[in-house]
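Student: turn this into a structure:
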Amino acid sequence: LAPDSRLNPHRSLLGTGNYDVNVIMAALQGLGLAAVWWDRRRPLSQLALPQVLGLILNLPSPVSLGLLSLPLRRRHWVALRQVDGVYYNLDSKLRAPEALGDEDGVRAFLAAALSQGLCEVLLVVTKEVEEKGCWLQTD
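Tutor: Numbers count the residues shown, from 1 in each chain. Next up is the predicted model:
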């Protein structure tokens, strides 16, 4: 996104890989997909999960140097994906994917993450779902 720039403005200054949302949006667009920001003020019951291919969360994450935990927080991207009816937390900080269960399980995970504040959620959807807005249940 910044080929002529010496410093990448879309990456953290420390080079820790916390790319900004423009990188995610460009990557998804390259695959013919879209990211829709989830308004945390909406109840999660309005999220039409069958229309969503995956979720991307941006969460505060503790900073540590070896065994020493620092009183700092940086941002960390986490992907959630459904495979064969089971939702998984694909956080790169986990040793293995964490099964969250069915729709109720992923909603509970999202509710817990959103309740901690400073959490942003992006829905990964097809362009058609984005255009029709059918990622949102209004009944």
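
Student: who are the packing partners of the biggest helix by length in the chain?
Tutor: Looking across the chain with DSSP state H, the single longest helix is helix 103-115. For helix 103-115, the packing partners by 3 or more CB pairs under 8 Å, 6 or more residues apart in numbering; DSSP states H and E come out as strand 54-65, strand 68-83, strand 86-89, strand 98-101, strand 120-126. For glycine as for every other residue, the C-beta is placed from the backbone atoms N, C-alpha and C.

Student: centroid-nearest residue for the chain?
Tutor: By CA atoms, centre = their mean, the mean C-alpha position of the chain lies nearest to I56, the distance being 1.5 Å.

Student: bridging residues for that residue?
Tutor: A79, L122 (DSSP bridges).

Student: sorry, back to before: run the chain-centre distance for the longest helix of the chain.
Tutor: 13 Å (CA atoms, centre = their mean, to the nearest Å).

Student: got it, and stretch 27-39?
Tutor: Worked out by CA atoms, centre = their mean, stretch 27-39 lies 11 Å from the chain centre.

Student: pull out the buried positions in it.
Tutor: By neighbour count on 16 or more other CB atoms under 10 Å, the buried set for stretch 27-39 is 28, 33-36, 38.

Student: with secondary structure, pLDDT and distance to V21 added, can I get the residues you listed in TSV?
Tutor: Output for the buried residues of stretch 27-39, formatted as TSV (DSSP: H, G, I helix; E, B strand; the rest coil; pLDDT from 0 to 100; distance: CB to CB, whole Å):
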residue	secondary structure	pLDDT	distance to V21
L28	helix	93	10
L33	strand	96	14
A34	strand	96	13
A35	strand	95	8
V36	strand	96	12
W38	coil	96	13
